[in-house]
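A.B. asks: here are the coordinates; sequence isn't available:
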Ligand SMILES: C[S@@+](CC[C@H](N)C(=O)[O-])C[C@H]1O[C@@H](n2cnc3c(N)ncnc32)[C@H](O)[C@@H]1O
Ligand SMILES: Nc1nc2[nH]cc(C(=O)O)c2c(=O)[nH]1
Ligand code: SF4
Ligand SMILES: [Mg+2]
């Protein structure tokens with residue numbers, strides 16, 4: 001991979017942002033390839049598992065930007081940077097280029113890698129990984145991400161919840177960052193078959209966890225938490241590129 005190139009798994013859209021603070025907002029996704037985590041339930045393994053490495057294309061900033069402007073018809077919108085972990089890619093020049101043309105940038109990351117350029121984003125979504133993921137969250141790194149973003153983007157936390165232990169993890173995150181909007185997202189259990197466009201999902205399970213989560217936050221009087229399903233999963237299941 002040449003210096004400065006971005007490892008891209010897929011660029012798609014416009015679609016709507018299906019998760020969290022920007023839910024429903026039209027967006028183009030740039031999904032980078034490669035992740036320093038391997039969550040047990042990751043729904044984007046095609047951008048994580050090295051078995052898919054041959055599908056990750058090193059692209060120049062200009063080439064990525066050309067595709068984004070083509071998909072958006074040159075009309076500025078919010079670009080969603082996801083992955084994999086987009087924080088391990090050299091994205092500063094892309095953000096700079098897009099801003100010069102009136103676009104906005106949202107980035108989703110697990111909070112394991114902090115970058116000075118987080119400050120240049122418009123929205124930073126940190127999604128610390130709860131126990132069910134099998135990953136360990138390093139809160140010092142999450143603190144560092146928030147520290148570097150201070151004075152820059154809007155910041156939100158988005159925590160996937162499958163069970164009680166995950167819910168308690170989310171509560172601790174809420175206590176640690178009382179000023180930061182926090183979104184709870186029910187987990188989608190179905191193992192994602194990344195190449196199956198008609199991938200079926202456990203919609204009943206997602207809905208059960210959604211009901212359960214609403215009951216939990218209201219019973220606990222956790223009145224600052226926001227509970228949202230993955231809208232794109234409700235609409236399109238595990239289909240890729242939507
Ligand atoms: C695929 S990740 C990519 C960005 C980054 N690696 C991260 O985890 O934040 C985007 C979002 O999808 C969430 N996610 C992944 N698999 C999921 C699943 N099976 N059910 C619900 N949310 C999931 C992640 O927790 C994260 O908030
Ligand atoms: N529509 C849509 N919304 C999303 N929000 C977060 C996504 C992701 O995989 O990062 C995602 C995605 O893949 N599609
Ligand atoms: S951190 Fe994000 S992309 Fe990486 S394995 Fe976990 S959910 Fe998937
Ligand atoms: Mg996804």
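C.D. replies: Perfect, I can see it now. Nothing here was measured: the structure is a model prediction, and the numbers come from that model. Ligands and ions are numbered 1, 2, ... in the order given.

A.B. asks: so what does the closest residue to residue 176 other than its chain neighbours have for phi and psi?
C.D. replies: Leaving aside its sequence neighbours, residue 176 sits nearest to residue 139 (Cβ to Cβ, 6 or more residues apart in numbering; 6.9 Å). Yep, even glycine has a C-beta here, placed from its N, CA and C like the rest. According to degrees, to the nearest 10, the main-chain angles of residue 139 amount to phi -70, psi -30.

A.B. asks: can you list the residues of this protein near ligand 2?
C.D. replies: For the chain, the residues in contact with ligand 2 (Cβ under 6 Å from any ligand atom) are 15-19, 29, 44, 82, 108, 232, 242.

A.B. asks: which ones among these map onto strands?
C.D. replies: 15-16, 29, 82, 108 (DSSP state E).

A.B. asks: could you dump these to a markdown table with pLDDT?
C.D. replies: Formatted as a markdown table, these follow (pLDDT from 0 to 100):
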| residue | pLDDT |
| --- | --- |
| 15 | 98 |
| 16 | 98 |
| 29 | 98 |
| 82 | 98 |
| 108 | 98 |
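
A.B. asks: so which of these is the closest to residue 120?
C.D. replies: Within these, the smallest distance to residue 120 is 15.6 Å, found for residue 108 (Cβ to Cβ).

A.B. asks: tell me the bridge partners for the residue most central in space within the chain.
C.D. replies: The chain has residue 108 as the residue nearest its centroid, 3.5 Å off, counting by Cα atoms, centre = their mean. Under DSSP bridges, the beta-bridge partners of residue 108 are residue 125.

A.B. asks: quick one: contacts for it?
C.D. replies: Neighbouring residues of residue 108 by Cβ atoms under 8 Å, 6 or more residues apart in numbering: 80-83, 86, 125, 127, 158.

A.B. asks: for ligand 2, state which of these is nearest.
C.D. replies: Nearest to ligand 2, judged by Cβ to the nearest ligand atom, of the contacts of residue 108 is residue 82 at 3.3 Å.

A.B. asks: and the strands in this structure?
C.D. replies: 6-16, 26-32, 57-59, 78-82, 104-109, 123-126, 154-161, 182-186, 225-227.

A.B. asks: now these as JSON lines including distance to residue 143?
C.D. replies: Below are the strands of the chain laid out as JSON lines (distance: least, Cβ to Cβ, whole Å):
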{"stretch": "strand 6-16", "distance to residue 143": "27"}
{"stretch": "strand 26-32", "distance to residue 143": "24"}
{"stretch": "strand 57-59", "distance to residue 143": "32"}
{"stretch": "strand 78-82", "distance to residue 143": "21"}
{"stretch": "strand 104-109", "distance to residue 143": "14"}
{"stretch": "strand 123-126", "distance to residue 143": "10"}
{"stretch": "strand 154-161", "distance to residue 143": "12"}
{"stretch": "strand 182-186", "distance to residue 143": "15"}
{"stretch": "strand 225-227", "distance to residue 143": "20"}
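
A.B. asks: in TSV, list these along with distance to ligand 1.
C.D. replies: Output for these, formatted as TSV (distance: least, Cβ to the nearest ligand atom, whole Å):
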stretch	distance to ligand 1
strand 6-16	10
strand 26-32	8
strand 57-59	18
strand 78-82	5
strand 104-109	4
strand 123-126	7
strand 154-161	4
strand 182-186	5
strand 225-227	13
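
A.B. asks: about what we covered before: of the contacts of residue 108, which is the nearest to residue 39?
C.D. replies: Checking the contacts of residue 108 against residue 39 by Cβ to Cβ gives residue 127 as the nearest, at 9.9 Å.

A.B. asks: great, nothing more from me.
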